[in-house]
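Visitor: please work out how this folds:
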Amino acid sequence: MKIVVIGGTGLIGTKLVAKLTEHGHEAVPAAPSTGVNTITGEGLADVLKGADVVVDVANSPSFEAGPVMEFFQTSTSNVLQAEDAAGVRHHVGISIVGTERLPDNAYFAAKIAQEELIKASGIPYSLVHATQFFEFVGPTADEATWDDGKVHIAPVAWQPIAAEDVAKILGRTAVGEPLNTRIDIAGPDEVRMDEFIRKALAERGDTREVVSDVHARYFGSELTERSLVPLGEATLGELHYADWYAAQ
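Guide: Numbering: from 1, shown residues only. Take a look at the predicted model:
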């Protein structure tokens, strides 16, 4: 099976290409560095020739409201149009658990717009909504650091997942039949976000104080108790944070 991975040189894409290749599939990474630009459309037609499945894990270089919306709408529209022309039979997209619960979040709003384009394309699809990645603990803390030098984190439910598990589940989804709906995926352990960040930073030798703040914003959005975790059935990853961190 030929599977093209848009964003195939990034964190998730690299792992996904490796896993698909290990299982005997022709996994092709598509990114600007491989001659494929989803914004201009350059290289899309060529890379999609003979493709059975496309997995789109490309990410916007900007999280600002205007640029992030423009990126996901333009990139996704170009990819879907090229897929239609190439006869691709399955489009797999990645999004975030809780997107619809935080409509004021510019990044989440752009991901919702991306999903609507996928649903309206007529191409059979599967959507994978993931919780936050273990790998993003540092950037999450950095974004939540105020001028006082303290990390302000909301004391809410938090269920992060390893990128390795995300890639594994995306791979299984890609080689399966299109779901024409979404699935939620999360890490194996539900914890408190403030406690998790506090412990994770301490383990790294990061001396910043983590403040539990019910009004702390997560990339611009104030959170409720279950804004960022699955509300119903979810597929859980296998890697626990402690084991993942020990292996780094």
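Visitor: show me where the protein has its strands.
Guide: Residue ranges of the strands in the chain, as given by DSSP state E, are 2-6, 26-30, 53-56, 90-96, 125-130, 151-153, 157-158, 182-186, 191-192, 210-212, 217-218, 221-222, 235-236.
Visitor: quick one, the fourth one and strand 2-6 angle?
Guide: Computed with axes from the mean of the first three to the mean of the last three C-alpha atoms, to 10 degrees, the direction of strand 90-96 lies at 30 degrees from that of strand 2-6.
Visitor: I'd say Ile112 and Thr99 touch.
Guide: Yes. With contact defined as C-beta atoms under 8 Å, Ile112 counts as touching Thr99 (5.3 Å). The C-beta positions use only the backbone N, C-alpha and C, and glycine is treated the same way.
Visitor: what residues are up against Phe136?
Guide: Pro160 (C-beta atoms under 8 Å, 6 or more residues apart in numbering).
Visitor: what's stretch 72-91 in contact with?
Guide: Counting by C-beta under 8 Å, 6+ apart, 6, 38-39, 41, 44-45, 48-54, 56, 58, 60, 93, 110-111, 113-114, 117-118, 121-126, 174, 177-178 sit against stretch 72-91.
Visitor: separate out the buried members of those.
Guide: Buried subset of the contacts of stretch 72-91 (neighbour count, 16 or more other C-beta atoms under 10 Å): 6, 38, 41, 44, 48, 51-54, 56, 58, 60, 93, 110-111, 114, 117-118, 121, 123, 125-126, 174, 178.
Visitor: what about the residues you listed, which are in helices?
Guide: Those of the buried ones among the contacts of stretch 72-91 mapping onto helices are 44, 110-111, 114, 117-118, 174, per DSSP state H.
Visitor: between the residues you listed, which is nearest Asp165?
Guide: Asp165 has its nearest neighbour among these in Ala174, at 14.8 Å by C-beta to C-beta.
Visitor: mind listing what that closest one touches?
Guide: Ala174 makes contact with 3, 16, 20, 53, 55, 90, 92, 126, according to C-beta under 8 Å, 6+ apart.
Visitor: isn't Val156 up against Arg217?
Guide: No. Look at Val156 against Arg217 with C-beta under 8 Å: they stay out of range, at 11.8 Å.
Visitor: give the residues shared as contacts by the two.
Guide: Residues touching both Val156 and Arg217 by C-beta under 8 Å, 6+ apart: Leu223.
Visitor: the more surrounded of the two?
Guide: With neighbours defined as other C-beta atoms under 10 Å, Val156 and Arg217 compare such that Val156 has more, 19 against 15.
Visitor: the residue nearest to Ser126 when sequence neighbours are not counted: neighbouring residues, count only.
Guide: The shortest distance from Ser126 to any non-neighbouring residue, by C-beta to C-beta, 6 or more residues apart in numbering, is to Leu179 (4.1 Å). By the criterion of other C-beta under 10 Å, Leu179 has 15 neighbours.
Visitor: and Leu179, how close does it get to His90?
Guide: 9 Å (C-beta to C-beta, to the nearest Å).
Visitor: need the overlap of contacts for those two.
Guide: In terms of C-beta under 8 Å, 6+ apart, Leu179 and His90 are both contacted by the residues 125-126.
Visitor: mind listing what's buried in the helix ranked longest in the chain?
Guide: In the chain, taking DSSP H as the definition, the longest helix is helix 65-86. Using 16+ other C-beta under 10 Å as the burial criterion, the residues of helix 65-86 that qualify are 68-69, 71-72, 75-76, 78-80, 82-83, 86.
Visitor: now pLDDT too, for those residues, in JSON lines please.
Guide: What follows is the buried residues of helix 65-86, written out as JSON lines (pLDDT from 0 to 100):
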{"residue": "Val68", "pLDDT": "97"}
{"residue": "Met69", "pLDDT": "97"}
{"residue": "Phe71", "pLDDT": "97"}
{"residue": "Phe72", "pLDDT": "98"}
{"residue": "Ser75", "pLDDT": "98"}
{"residue": "Thr76", "pLDDT": "98"}
{"residue": "Asn78", "pLDDT": "98"}
{"residue": "Val79", "pLDDT": "98"}
{"residue": "Leu80", "pLDDT": "98"}
{"residue": "Ala82", "pLDDT": "98"}
{"residue": "Glu83", "pLDDT": "98"}
{"residue": "Ala86", "pLDDT": "98"}
